[in-house]
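Undergrad: my questions are about this predicted structure, shown below with the sequence.
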Amino acid sequence: MSNVGGVPLQAEPTATETPAAAEWQPRIVGILCYWCSYAGADLAGSSRMSYPPNIRIVRVPCSGRADPLFVLRAFQRGADGVIVAGCHPGDCHYAEGNYYARRRMSLLKRLVEYVGIPEERFKALWVSASEGKEFAHVINEMVEAIRPLGPFRPELAERFEAMPELEDVGGESCPEHESA
Amino acid sequence: MNPKTEEIRQLARELLQSEQVATVIGFEPGTEAYRSTPAFVTKPEDCDNLIWGPTCTQNLANYLRKRQGKTAVVVKGCDARAVAVLCNENQLKREDLHIIGVPCEGLVDTCKLADAEGVRLADVTEIEIVGDEAIVRMGEQEARLPVDMVLRDECLGCQSPTPVVCDELVGEEIPARDEAKFRELCDKIGAMSPEERQAYFEEQFSKCIRCFACVKGCPMCYCTTCFAIQDKPQYVTRMVGLDENRMFHMGRAMHLAGRCVGCGACDRACPVGIPLRALNTKLAAETKDLFACVAGFDCEKKAPLIEFLPGDTEAALDKA
(Lines give C-alpha, C1' and ligand atoms only; values in the text may rest on other atoms or scores of the structure.)
Protein backbone atom coordinates (compact mmCIF):
# COMPACT_ATOMS: atom_id res chain seq x y z
CA MET A 1 0.00 0.00 0.00
CA SER A 2 1.27 3.40 -0.85
CA ASN A 3 -0.16 6.87 -0.97
CA VAL A 4 2.38 7.98 -3.53
CA GLY A 5 0.43 9.31 -6.44
CA GLY A 6 -1.86 11.34 -4.29
CA VAL A 7 -4.71 8.91 -3.64
CA PRO A 8 -6.60 10.57 -0.79
CA LEU A 9 -5.64 8.64 2.30
CA GLN A 10 -9.07 8.41 3.86
CA ALA A 11 -10.62 7.11 0.64
CA GLU A 12 -8.22 4.21 0.34
CA PRO A 13 -9.80 0.83 1.08
CA THR A 14 -7.42 -0.29 3.77
CA ALA A 15 -7.39 -2.48 6.79
CA THR A 16 -8.16 0.62 8.85
CA GLU A 17 -11.75 0.57 7.55
CA THR A 18 -12.67 -1.93 10.21
CA PRO A 19 -14.72 -1.03 13.27
CA ALA A 20 -11.45 0.15 14.81
CA ALA A 21 -11.28 2.93 12.19
CA ALA A 22 -14.40 4.53 13.62
CA GLU A 23 -12.52 4.84 16.88
CA TRP A 24 -9.37 6.16 15.26
CA GLN A 25 -7.84 8.86 17.39
CA PRO A 26 -5.43 11.47 16.03
CA ARG A 27 -2.08 11.65 17.76
CA ILE A 28 -0.84 15.18 18.19
CA VAL A 29 2.58 16.20 19.40
CA GLY A 30 2.58 19.44 21.39
CA ILE A 31 5.90 21.22 21.79
CA LEU A 32 5.18 23.66 24.60
CA CYS A 33 7.28 26.30 26.28
CA TYR A 34 7.76 25.60 30.00
CA TRP A 35 7.02 29.12 31.24
CA CYS A 36 3.82 29.90 29.35
CA SER A 37 2.14 27.28 27.22
CA TYR A 38 2.98 24.32 29.44
CA ALA A 39 1.69 26.30 32.40
CA GLY A 40 -1.35 27.20 30.30
CA ALA A 41 -1.99 23.50 29.68
CA ASP A 42 -1.54 22.92 33.39
CA LEU A 43 -4.05 25.65 34.18
CA ALA A 44 -6.56 24.10 31.80
CA GLY A 45 -6.15 20.84 33.69
CA SER A 46 -6.25 22.27 37.19
CA SER A 47 -9.29 24.37 36.27
CA ARG A 48 -10.96 21.09 35.25
CA MET A 49 -11.54 22.18 31.69
CA SER A 50 -11.84 19.25 29.36
CA TYR A 51 -9.81 18.87 26.24
CA PRO A 52 -9.16 15.71 24.24
CA PRO A 53 -6.38 13.42 25.41
CA ASN A 54 -4.95 13.22 21.88
CA ILE A 55 -2.09 15.57 22.58
CA ARG A 56 1.26 14.28 23.81
CA ILE A 57 3.14 17.16 25.32
CA VAL A 58 6.86 17.69 24.93
CA ARG A 59 8.03 20.34 27.35
CA VAL A 60 10.82 22.60 26.14
CA PRO A 61 12.45 25.37 28.19
CA CYS A 62 11.47 28.00 25.61
CA SER A 63 9.75 28.05 22.24
CA GLY A 64 13.15 29.15 20.94
CA ARG A 65 14.28 25.60 21.73
CA ALA A 66 11.72 24.19 19.31
CA ASP A 67 13.89 23.32 16.35
CA PRO A 68 11.96 23.02 13.07
CA LEU A 69 13.56 19.58 12.88
CA PHE A 70 11.53 18.53 15.95
CA VAL A 71 8.33 19.26 14.07
CA LEU A 72 9.51 17.44 10.95
CA ARG A 73 10.70 14.54 13.08
CA ALA A 74 7.25 14.21 14.64
CA PHE A 75 5.65 14.03 11.19
CA GLN A 76 8.30 11.61 10.04
CA ARG A 77 7.46 9.25 12.91
CA GLY A 78 3.76 9.36 12.10
CA ALA A 79 2.29 12.17 14.20
CA ASP A 80 -1.07 13.27 12.81
CA GLY A 81 -0.56 16.83 13.95
CA VAL A 82 2.04 19.03 15.60
CA ILE A 83 1.49 22.16 17.64
CA VAL A 84 4.21 24.52 18.79
CA ALA A 85 3.27 27.09 21.41
CA GLY A 86 5.20 29.63 23.44
CA CYS A 87 4.95 32.88 25.35
CA HIS A 88 3.49 35.92 23.63
CA PRO A 89 6.15 38.16 22.04
CA GLY A 90 7.64 40.38 24.72
CA ASP A 91 6.83 37.89 27.51
CA CYS A 92 9.68 35.44 26.95
CA HIS A 93 11.33 34.27 30.17
CA TYR A 94 14.64 34.44 28.33
CA ALA A 95 13.78 37.85 26.86
CA GLU A 96 13.98 36.96 23.17
CA GLY A 97 13.67 33.22 22.55
CA ASN A 98 10.18 33.43 21.13
CA TYR A 99 11.22 36.11 18.64
CA TYR A 100 13.54 33.56 17.05
CA ALA A 101 10.80 30.95 17.24
CA ARG A 102 8.44 33.33 15.50
CA ARG A 103 10.70 33.62 12.46
CA ARG A 104 11.45 29.90 12.31
CA MET A 105 7.90 28.74 12.74
CA SER A 106 6.54 31.31 10.26
CA LEU A 107 8.85 29.90 7.58
CA LEU A 108 8.20 26.31 8.60
CA LYS A 109 4.44 26.86 8.37
CA ARG A 110 4.82 28.16 4.82
CA LEU A 111 7.10 25.25 3.90
CA VAL A 112 4.76 22.64 5.38
CA GLU A 113 1.90 24.17 3.44
CA TYR A 114 3.99 24.24 0.26
CA VAL A 115 4.82 20.54 0.30
CA GLY A 116 1.12 19.85 0.65
CA ILE A 117 0.83 18.77 4.28
CA PRO A 118 -2.66 20.06 5.22
CA GLU A 119 -2.30 23.22 7.27
CA GLU A 120 -4.63 21.82 9.97
CA ARG A 121 -1.85 19.42 10.88
CA PHE A 122 0.66 22.03 11.98
CA LYS A 123 -0.09 24.95 14.25
CA ALA A 124 2.26 27.53 15.75
CA LEU A 125 0.82 30.10 18.12
CA TRP A 126 1.15 31.88 21.45
CA VAL A 127 -0.50 30.60 24.65
CA SER A 128 0.28 32.38 27.92
CA ALA A 129 0.24 30.81 31.39
CA SER A 130 -3.15 32.40 32.09
CA GLU A 131 -4.77 31.17 28.88
CA GLY A 132 -5.92 27.73 30.05
CA LYS A 133 -9.26 28.24 28.37
CA GLU A 134 -7.63 29.20 25.07
CA PHE A 135 -5.34 26.19 25.26
CA ALA A 136 -8.25 23.79 25.75
CA HIS A 137 -10.07 25.50 22.89
CA VAL A 138 -7.11 25.25 20.51
CA ILE A 139 -6.59 21.55 21.21
CA ASN A 140 -10.30 20.84 20.84
CA GLU A 141 -10.43 22.60 17.51
CA MET A 142 -7.24 21.01 16.25
CA VAL A 143 -8.37 17.47 17.07
CA GLU A 144 -11.72 18.05 15.42
CA ALA A 145 -10.02 19.52 12.33
CA ILE A 146 -7.64 16.58 12.02
CA ARG A 147 -10.16 13.81 12.69
CA PRO A 148 -11.84 14.03 9.24
CA LEU A 149 -8.42 14.09 7.53
CA GLY A 150 -7.52 10.68 8.91
CA PRO A 151 -4.04 9.46 9.78
CA PHE A 152 -1.13 11.42 8.28
CA ARG A 153 0.76 8.26 7.39
CA PRO A 154 -1.41 5.13 7.69
CA GLU A 155 1.60 3.05 6.62
CA LEU A 156 3.47 4.10 9.70
CA ALA A 157 0.56 3.31 12.01
CA GLU A 158 0.57 -0.23 10.69
CA ARG A 159 4.30 -0.48 11.08
CA PHE A 160 4.11 0.61 14.70
CA GLU A 161 1.22 -1.74 15.41
CA ALA A 162 3.25 -4.60 14.02
CA MET A 163 6.07 -3.84 16.44
CA PRO A 164 6.20 -6.07 19.51
CA GLU A 165 5.14 -4.65 22.83
CA LEU A 166 8.03 -3.76 25.06
CA GLU A 167 7.38 -6.66 27.47
CA ASP A 168 7.53 -9.18 24.62
CA VAL A 169 11.10 -8.28 23.80
CA GLY A 170 12.52 -10.09 26.80
CA GLY A 171 15.90 -9.43 28.34
CA GLU A 172 16.76 -8.32 31.83
CA SER A 173 14.31 -6.02 33.54
CA CYS A 174 15.27 -3.12 35.68
CA PRO A 175 15.88 -4.24 39.32
CA GLU A 176 14.05 -1.20 40.67
CA HIS A 177 10.88 -2.15 38.86
CA GLU A 178 11.11 -5.88 39.48
CA SER A 179 9.44 -5.65 42.87
CA ALA A 180 6.55 -3.57 41.55
CA MET B 1 37.54 31.58 -27.76
CA ASN B 2 35.47 33.65 -25.39
CA PRO B 3 36.96 37.20 -25.21
CA LYS B 4 36.77 37.06 -21.39
CA THR B 5 39.05 34.00 -21.32
CA GLU B 6 42.14 35.98 -22.36
CA GLU B 7 41.44 38.66 -19.79
CA ILE B 8 41.03 36.08 -17.00
CA ARG B 9 44.30 34.39 -18.00
CA GLN B 10 46.10 37.72 -18.00
CA LEU B 11 44.76 38.67 -14.57
CA ALA B 12 45.59 35.25 -13.12
CA ARG B 13 49.13 35.43 -14.52
CA GLU B 14 49.73 38.84 -13.01
CA LEU B 15 48.37 37.80 -9.62
CA LEU B 16 50.58 34.70 -9.49
CA GLN B 17 53.69 36.42 -10.86
CA SER B 18 53.46 39.24 -8.34
CA GLU B 19 52.79 36.62 -5.63
CA GLN B 20 49.67 38.45 -4.51
CA VAL B 21 47.93 35.11 -4.33
CA ALA B 22 49.10 31.51 -3.88
CA THR B 23 46.37 29.90 -5.98
CA VAL B 24 43.92 30.94 -8.64
CA ILE B 25 40.74 28.89 -8.76
CA GLY B 26 39.02 28.98 -12.12
CA PHE B 27 37.77 26.70 -14.84
CA GLU B 28 39.59 24.55 -17.39
CA PRO B 29 38.18 22.49 -20.27
CA GLY B 30 36.45 19.30 -19.22
CA THR B 31 36.60 15.94 -20.92
CA GLU B 32 33.80 17.07 -23.26
CA ALA B 33 33.52 20.46 -24.92
CA TYR B 34 30.16 21.07 -23.26
CA ARG B 35 31.63 20.65 -19.78
CA SER B 36 34.26 22.48 -17.77
CA THR B 37 36.06 21.46 -14.65
CA PRO B 38 37.44 23.50 -11.73
CA ALA B 39 41.12 24.34 -12.06
CA PHE B 40 43.56 25.16 -9.26
CA VAL B 41 46.41 27.11 -10.78
CA THR B 42 49.55 27.78 -8.75
CA LYS B 43 52.11 28.53 -11.49
CA PRO B 44 51.94 31.50 -13.89
CA GLU B 45 52.77 29.27 -16.87
CA ASP B 46 49.66 27.13 -16.21
CA CYS B 47 47.33 30.09 -16.58
CA ASP B 48 46.76 29.31 -20.25
CA ASN B 49 44.62 26.35 -19.16
CA LEU B 50 41.99 28.69 -17.75
CA ILE B 51 38.83 29.23 -19.75
CA TRP B 52 35.53 31.04 -19.46
CA GLY B 53 32.22 30.22 -21.10
CA PRO B 54 28.66 29.06 -20.59
CA THR B 55 29.91 25.62 -19.61
CA CYS B 56 31.53 26.88 -16.39
CA THR B 57 28.73 25.58 -14.20
CA GLN B 58 30.37 24.68 -10.88
CA ASN B 59 29.99 27.06 -7.98
CA LEU B 60 33.62 27.75 -7.06
CA ALA B 61 32.65 29.20 -3.67
CA ASN B 62 32.63 25.55 -2.58
CA TYR B 63 36.42 25.35 -2.80
CA LEU B 64 37.30 28.43 -0.80
CA ARG B 65 36.82 27.25 2.78
CA LYS B 66 39.84 26.05 4.79
CA ARG B 67 42.39 27.21 2.24
CA GLN B 68 45.89 28.26 3.20
CA GLY B 69 47.16 31.59 1.93
CA LYS B 70 45.53 34.16 -0.23
CA THR B 71 43.41 32.76 -3.02
CA ALA B 72 42.05 34.31 -6.17
CA VAL B 73 38.79 32.95 -7.45
CA VAL B 74 36.83 33.38 -10.68
CA VAL B 75 33.19 33.95 -9.77
CA LYS B 76 29.91 34.30 -11.61
CA GLY B 77 27.08 36.37 -10.15
CA CYS B 78 25.63 33.50 -8.14
CA ASP B 79 29.07 32.40 -6.89
CA ALA B 80 29.75 35.95 -5.71
CA ARG B 81 26.56 35.92 -3.65
CA ALA B 82 27.59 32.57 -2.17
CA VAL B 83 30.96 34.08 -1.25
CA ALA B 84 29.17 37.02 0.40
CA VAL B 85 27.02 34.67 2.51
CA LEU B 86 30.04 32.58 3.50
CA CYS B 87 31.92 35.77 4.46
CA ASN B 88 29.20 36.99 6.79
CA GLU B 89 28.89 33.53 8.32
CA ASN B 90 32.62 33.71 9.16
CA GLN B 91 33.47 30.81 6.89
CA LEU B 92 35.69 32.99 4.71
CA LYS B 93 37.76 36.07 5.33
CA ARG B 94 37.15 38.67 2.67
CA GLU B 95 40.77 39.90 2.99
CA ASP B 96 42.10 36.42 2.13
CA LEU B 97 40.26 36.45 -1.17
CA HIS B 98 40.93 38.14 -4.45
CA ILE B 99 37.67 37.94 -6.35
CA ILE B 100 37.72 38.05 -10.13
CA GLY B 101 34.10 38.71 -11.02
CA VAL B 102 32.81 37.72 -14.43
CA PRO B 103 29.35 38.87 -15.54
CA CYS B 104 27.65 35.69 -16.67
CA GLU B 105 25.50 35.18 -19.75
CA GLY B 106 24.03 31.99 -18.34
CA LEU B 107 25.06 28.37 -18.07
CA VAL B 108 24.42 25.45 -20.37
CA ASP B 109 21.92 22.81 -19.30
CA THR B 110 23.37 19.63 -20.78
CA CYS B 111 20.00 17.87 -20.59
CA LYS B 112 18.31 20.61 -22.62
CA LEU B 113 21.25 20.65 -25.03
CA ALA B 114 21.01 16.91 -25.58
CA ASP B 115 17.33 17.28 -26.49
CA ALA B 116 17.81 20.36 -28.67
CA GLU B 117 17.06 19.98 -32.35
CA GLY B 118 20.10 19.81 -34.61
CA VAL B 119 22.56 19.21 -31.78
CA ARG B 120 24.60 16.07 -31.34
CA LEU B 121 26.09 16.35 -27.89
CA ALA B 122 29.16 14.24 -28.72
CA ASP B 123 30.11 16.51 -31.64
CA VAL B 124 29.85 19.82 -29.79
CA THR B 125 33.11 21.77 -29.95
CA GLU B 126 32.10 25.19 -28.68
CA ILE B 127 29.11 26.98 -27.21
CA GLU B 128 28.71 30.72 -27.31
CA ILE B 129 25.91 32.93 -26.01
CA VAL B 130 25.23 36.06 -28.05
CA GLY B 131 22.29 38.07 -26.81
CA ASP B 132 19.19 35.88 -26.96
CA GLU B 133 20.86 33.30 -29.11
CA ALA B 134 23.03 30.34 -28.31
CA ILE B 135 25.49 29.30 -31.00
CA VAL B 136 26.42 25.65 -30.69
CA ARG B 137 29.36 24.74 -32.94
CA MET B 138 29.94 21.15 -34.00
CA GLY B 139 33.13 21.21 -36.05
CA GLU B 140 32.25 23.03 -39.28
CA GLN B 141 28.51 22.98 -38.56
CA GLU B 142 26.71 25.24 -36.18
CA ALA B 143 23.24 25.42 -34.69
CA ARG B 144 21.66 28.67 -33.61
CA LEU B 145 19.10 28.14 -30.86
CA PRO B 146 17.07 30.45 -28.62
CA VAL B 147 18.71 30.62 -25.16
CA ASP B 148 15.60 29.08 -23.54
CA MET B 149 16.47 25.79 -25.24
CA VAL B 150 20.06 25.73 -24.04
CA LEU B 151 20.48 27.58 -20.74
CA ARG B 152 19.55 26.44 -17.25
CA ASP B 153 16.23 27.65 -15.87
CA GLU B 154 17.81 29.53 -12.96
CA CYS B 155 20.09 31.36 -15.42
CA LEU B 156 17.19 32.45 -17.64
CA GLY B 157 15.77 34.34 -14.68
CA CYS B 158 19.06 35.25 -12.98
CA GLN B 159 18.76 38.15 -10.56
CA SER B 160 22.48 38.80 -10.28
CA PRO B 161 24.36 38.02 -13.50
CA THR B 162 26.98 40.60 -12.50
CA PRO B 163 28.94 39.71 -9.35
CA VAL B 164 27.91 41.99 -6.49
CA VAL B 165 31.09 41.37 -4.51
CA CYS B 166 34.37 41.47 -6.43
CA ASP B 167 37.81 43.06 -6.68
CA GLU B 168 37.94 43.07 -10.44
CA LEU B 169 35.25 42.86 -13.05
CA VAL B 170 35.97 41.16 -16.38
CA GLY B 171 33.79 42.51 -19.16
CA GLU B 172 30.62 44.56 -19.24
CA GLU B 173 27.94 44.45 -16.55
CA ILE B 174 24.85 42.40 -17.42
CA PRO B 175 21.45 43.51 -16.07
CA ALA B 176 19.19 41.25 -14.00
CA ARG B 177 16.78 39.06 -15.93
CA ASP B 178 13.10 38.25 -15.50
CA GLU B 179 12.47 37.05 -11.94
CA ALA B 180 9.27 35.24 -12.95
CA LYS B 181 11.43 32.86 -15.00
CA PHE B 182 13.63 32.16 -11.99
CA ARG B 183 10.55 31.18 -10.00
CA GLU B 184 8.71 29.44 -12.83
CA LEU B 185 8.67 25.89 -11.44
CA CYS B 186 8.31 27.11 -7.86
CA ASP B 187 5.22 29.14 -8.80
CA LYS B 188 3.82 26.33 -10.92
CA ILE B 189 3.93 23.99 -7.94
CA GLY B 190 2.51 26.72 -5.72
CA ALA B 191 -0.48 27.10 -8.04
CA MET B 192 -1.47 23.45 -7.58
CA SER B 193 -4.13 22.44 -5.08
CA PRO B 194 -2.82 21.20 -1.69
CA GLU B 195 -3.72 17.61 -2.59
CA GLU B 196 -1.86 17.86 -5.90
CA ARG B 197 1.12 19.40 -4.16
CA GLN B 198 1.18 16.62 -1.58
CA ALA B 199 1.03 13.97 -4.29
CA TYR B 200 3.67 15.78 -6.33
CA PHE B 201 6.14 16.14 -3.48
CA GLU B 202 5.55 12.63 -2.20
CA GLU B 203 6.40 11.34 -5.65
CA GLN B 204 9.47 13.57 -5.88
CA PHE B 205 10.75 12.83 -2.37
CA SER B 206 10.19 9.10 -2.87
CA LYS B 207 12.74 9.17 -5.68
CA CYS B 208 15.55 10.36 -3.42
CA ILE B 209 18.34 7.84 -2.90
CA ARG B 210 19.98 10.03 -0.26
CA CYS B 211 23.30 10.21 -2.09
CA PHE B 212 23.85 13.67 -0.52
CA ALA B 213 25.08 15.08 -3.82
CA CYS B 214 22.90 18.15 -3.16
CA VAL B 215 24.69 18.64 0.17
CA LYS B 216 28.10 18.25 -1.46
CA GLY B 217 27.24 20.59 -4.30
CA CYS B 218 25.69 23.30 -2.15
CA PRO B 219 28.07 26.10 -1.13
CA MET B 220 25.98 26.74 2.01
CA CYS B 221 26.04 23.15 3.25
CA TYR B 222 29.28 23.22 5.17
CA CYS B 223 28.29 21.50 8.45
CA THR B 224 30.99 19.05 9.49
CA THR B 225 28.25 16.47 10.01
CA CYS B 226 24.94 16.99 8.26
CA PHE B 227 21.86 16.57 10.50
CA ALA B 228 20.73 13.90 8.08
CA ILE B 229 23.88 11.81 8.65
CA GLN B 230 24.43 12.30 12.37
CA ASP B 231 23.56 9.61 14.91
CA LYS B 232 22.80 11.60 18.04
CA PRO B 233 20.08 12.62 17.65
CA GLN B 234 19.31 10.55 14.60
CA TYR B 235 16.82 12.65 12.67
CA VAL B 236 17.04 10.59 9.51
CA THR B 237 17.36 6.87 10.02
CA ARG B 238 18.78 4.40 7.53
CA MET B 239 15.29 3.32 6.55
CA VAL B 240 14.44 3.70 2.87
CA GLY B 241 11.28 5.60 2.18
CA LEU B 242 9.25 8.72 1.86
CA ASP B 243 9.24 9.71 5.53
CA GLU B 244 13.01 9.77 5.87
CA ASN B 245 13.43 11.55 2.55
CA ARG B 246 10.84 14.17 3.40
CA MET B 247 12.52 14.78 6.74
CA PHE B 248 15.86 15.21 4.96
CA HIS B 249 14.68 17.57 2.24
CA MET B 250 12.44 19.71 4.42
CA GLY B 251 15.09 19.92 7.12
CA ARG B 252 17.66 20.93 4.55
CA ALA B 253 15.32 23.52 3.08
CA MET B 254 14.85 25.00 6.56
CA HIS B 255 18.61 25.11 7.08
CA LEU B 256 18.98 26.98 3.79
CA ALA B 257 16.11 29.39 4.45
CA GLY B 258 17.33 32.91 3.91
CA ARG B 259 20.80 31.66 2.96
CA CYS B 260 20.18 30.05 -0.42
CA VAL B 261 21.47 32.20 -3.27
CA GLY B 262 19.72 30.18 -5.96
CA CYS B 263 22.82 29.05 -7.84
CA GLY B 264 21.06 25.80 -8.74
CA ALA B 265 23.96 23.56 -7.66
CA CYS B 266 21.45 21.22 -5.94
CA ASP B 267 19.41 20.80 -9.11
CA ARG B 268 22.54 20.18 -11.15
CA ALA B 269 23.81 17.62 -8.65
CA CYS B 270 20.60 15.64 -8.15
CA PRO B 271 20.81 12.36 -10.08
CA VAL B 272 17.06 11.67 -9.85
CA GLY B 273 15.78 15.14 -10.71
CA ILE B 274 14.09 16.27 -7.50
CA PRO B 275 13.13 19.97 -7.87
CA LEU B 276 15.27 21.07 -4.94
CA ARG B 277 15.71 24.60 -6.19
CA ALA B 278 11.93 25.06 -6.26
CA LEU B 279 11.82 24.20 -2.55
CA ASN B 280 14.66 26.58 -1.73
CA THR B 281 13.27 29.29 -4.00
CA LYS B 282 9.96 29.04 -2.18
CA LEU B 283 11.64 29.64 1.18
CA ALA B 284 13.77 32.44 -0.26
CA ALA B 285 10.58 34.09 -1.53
CA GLU B 286 8.89 33.68 1.86
CA THR B 287 11.93 35.09 3.63
CA LYS B 288 11.79 38.10 1.36
CA ASP B 289 8.04 38.43 1.86
CA LEU B 290 8.02 38.04 5.66
CA PHE B 291 11.34 39.51 6.75
CA ALA B 292 12.54 41.47 3.70
CA CYS B 293 15.81 39.49 3.61
CA VAL B 294 17.57 38.46 0.41
CA ALA B 295 20.72 36.36 0.72
CA GLY B 296 24.09 37.30 -0.69
CA PHE B 297 23.83 40.95 -1.64
CA ASP B 298 25.61 42.20 1.45
CA CYS B 299 28.70 40.89 3.27
CA GLU B 300 27.47 42.30 6.61
CA LYS B 301 23.78 41.40 6.85
CA LYS B 302 23.07 38.33 8.98
CA ALA B 303 20.92 35.40 7.91
CA PRO B 304 17.26 36.04 8.80
CA LEU B 305 16.90 33.10 11.17
CA ILE B 306 19.74 34.14 13.47
CA GLU B 307 18.31 37.56 14.15
CA PHE B 308 14.88 39.11 14.65
CA LEU B 309 12.97 42.36 14.93
CA PRO B 310 10.51 42.83 17.80
CA GLY B 311 7.96 44.02 15.26
CA ASP B 312 8.23 41.03 12.92
CA THR B 313 5.06 40.02 11.13
CA GLU B 314 2.88 37.24 12.54
CA ALA B 315 0.98 36.81 9.29
CA ALA B 316 2.07 33.18 8.94
CA LEU B 317 1.24 32.11 12.50
CA ASP B 318 -2.04 30.82 13.96
CA LYS B 319 -4.27 32.66 16.42
CA ALA B 320 -5.33 31.13 19.71
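TA: Great, that's in hand. Residues are numbered from 1 along each chain as shown, chains lettered A, B, ... in the order given.

Undergrad: how about low-confidence regions in chain A?
TA: Within chain A, the stretches with pLDDT under 70 are A:1-22, A:159-180.

Undergrad: now the strands: where do they sit in it?
TA: Ranges of strands in chain A, per DSSP state E, are A:28-33, A:55-60, A:81-86, A:122-126.

Undergrad: repeat that for the stretch 1-150 of chain B.
TA: Listed in chain order, the strands of the stretch 1-150 of chain B (DSSP state E, counting those that start in this stretch) span residues B:23-29, B:36-41, B:71-75, B:97-101, B:126-130, B:133-138, B:141-146.

Undergrad: now check stretch B:227-246, is it near chain A?
TA: Yes. Contact of stretch B:227-246 with chain A (CB under 8 Å from any CB of the partner chain) involves B:F227, B:Y235, B:V236, B:L242, B:D243, B:E244, B:R246. Using the backbone N, CA and C atoms, a C-beta is placed for each residue, glycine as well.

Undergrad: now do the helices in the chain.
TA: Reading this off chain A. Per DSSP state H, chain A carries helices over the ranges A:19-22, A:37-46, A:68-76, A:97-114, A:132-146, A:154-162, A:175-178.

Undergrad: the intended chain is chain B.
TA: Secondary structure of chain B by DSSP H: the helices cover B:3-17, B:77-88, B:110-115, B:153-156, B:179-182, B:184-190, B:194-207, B:213-217, B:242-256, B:265-269, B:276-291.

Undergrad: can you redo those as JSON lines with mean pLDDT and mean neighbour count?
TA: Output for these, formatted as JSON lines (pLDDT from 0 to 100; neighbours: other CB atoms under 10 Å in any protein chain shown):
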{"stretch": "helix B:3-17", "mean pLDDT": "95", "mean neighbour count": "18"}
{"stretch": "helix B:77-88", "mean pLDDT": "94", "mean neighbour count": "26"}
{"stretch": "helix B:110-115", "mean pLDDT": "91", "mean neighbour count": "15"}
{"stretch": "helix B:153-156", "mean pLDDT": "94", "mean neighbour count": "22"}
{"stretch": "helix B:179-182", "mean pLDDT": "93", "mean neighbour count": "15"}
{"stretch": "helix B:184-190", "mean pLDDT": "95", "mean neighbour count": "17"}
{"stretch": "helix B:194-207", "mean pLDDT": "96", "mean neighbour count": "18"}
{"stretch": "helix B:213-217", "mean pLDDT": "95", "mean neighbour count": "19"}
{"stretch": "helix B:242-256", "mean pLDDT": "96", "mean neighbour count": "23"}
{"stretch": "helix B:265-269", "mean pLDDT": "94", "mean neighbour count": "23"}
{"stretch": "helix B:276-291", "mean pLDDT": "95", "mean neighbour count": "22"}
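
Undergrad: can I get those helices in TSV with distance to B:L97?
TA: Shown next, in TSV, are the helices of chain B (distance: least, CB to CB, whole Å):
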stretch	distance to B:L97
helix B:3-17	12
helix B:77-88	7
helix B:110-115	29
helix B:153-156	24
helix B:179-182	27
helix B:184-190	31
helix B:194-207	36
helix B:213-217	21
helix B:242-256	22
helix B:265-269	19
helix B:276-291	24
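
Undergrad: closest to A:K123 out of those helices?
TA: helix B:194-207 (16.0 Å; CB to CB).

Undergrad: looking at chain B, which residue is nearest chain A?
TA: Going by CB to the nearest CB, chain A is nearest to B:A199 of chain B, at 2.2 Å.

Undergrad: that residue contacts A:G116, correct?
TA: Yes. With contact defined as CB atoms under 8 Å, B:A199 counts as touching A:G116 (7.2 Å).

Undergrad: before we move on, back to that, most tightly surrounded among the strands of chain A?
TA: Scoring those by mean neighbour count under mean count of other CB atoms under 10 Å in any protein chain shown gives strand A:81-86 as the most buried, with a mean of 28.

Undergrad: so which of the helices of chain A comes closest to B:L113?
TA: B:L113 lies closest to helix A:97-114 among the helices of chain A, at 30.5 Å (CB to CB).

Undergrad: now that closest one: how far from the chain's centre is it?
TA: From the chain centre to the centre of helix A:97-114 is a distance of 16 Å (CA atoms, centre = their mean, to the nearest Å).

Undergrad: residue nearest the centroid of the chain?
TA: No chain in the question, so chain A it is. Geometric centre of chain A, nearest residue: A:V29, 1.7 Å, by CA atoms, centre = their mean.

Undergrad: my question was about chain B, not that one.
TA: B:C263 (2.2 Å).

Undergrad: nearest spatial neighbour of that residue, skipping sequence neighbours?
TA: Nearest non-adjacent residue to B:C263, counting by CB to CB, 6 or more residues apart in numbering or on different chains: B:C78, 3.7 Å away.

Undergrad: for B:D132, give me the pLDDT.
TA: At B:D132, the pLDDT value in this model is 89.

Undergrad: for it, give me its contacts.
TA: Neighbouring residues of B:D132 by CB atoms under 8 Å, 6 or more residues apart in numbering or on different chains: B:P146, B:V147.

Undergrad: over to it: give its phi and psi.
TA: Here is the backbone geometry of B:D132 (degrees, to the nearest 10): phi -90, psi 10.

Undergrad: with B:A191 instead?
TA: The phi/psi pair for B:A191 (degrees, to the nearest 10) reads phi -80, psi -10.

Undergrad: before we move on, the earlier item: using JSON lines, lay out the helices of chain A together with distance to B:L107.
TA: Shown next, in JSON lines, are those (distance: least, CB to CB, whole Å):
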{"stretch": "helix A:19-22", "distance to B:L107": "52"}
{"stretch": "helix A:37-46", "distance to B:L107": "48"}
{"stretch": "helix A:68-76", "distance to B:L107": "32"}
{"stretch": "helix A:97-114", "distance to B:L107": "26"}
{"stretch": "helix A:132-146", "distance to B:L107": "45"}
{"stretch": "helix A:154-162", "distance to B:L107": "40"}
{"stretch": "helix A:175-178", "distance to B:L107": "63"}
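
Undergrad: rewinding a little: mind putting the strands of the stretch 1-150 of chain B in CSV, distance to B:D318 and mean neighbour count included?
TA: Shown next, in CSV, are those (distance: least, CB to CB, whole Å; neighbours: other CB atoms under 10 Å in any protein chain shown):
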stretch, distance to B:D318, mean neighbour count
strand B:23-29, 48, 22
strand B:36-41, 47, 18
strand B:71-75, 42, 24
strand B:97-101, 44, 22
strand B:126-130, 48, 17
strand B:133-138, 48, 18
strand B:141-146, 46, 14
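
Undergrad: dump the ones you listed into TSV; add distance to B:I189 as well.
TA: Listed next are these as TSV, based on distance: least, CB to CB, whole Å:
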stretch	distance to B:I189
strand B:23-29	32
strand B:36-41	31
strand B:71-75	30
strand B:97-101	33
strand B:126-130	28
strand B:133-138	27
strand B:141-146	25
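
Undergrad: which one of the ones you listed lies nearest to B:T313?
TA: Nearest of those to B:T313, taken as CB to CB: strand B:71-75 at 33.8 Å.

Undergrad: nearest spatial neighbour of A:A85, skipping sequence neighbours?
TA: Once flanking residues are discounted, A:A85 sits nearest to A:S37: 3.7 Å by CB to CB, 6+ apart.

Undergrad: residues near that neighbour, how many?
TA: Counted with other CB atoms under 10 Å in any protein chain shown, the neighbours of A:S37 add up to 31.
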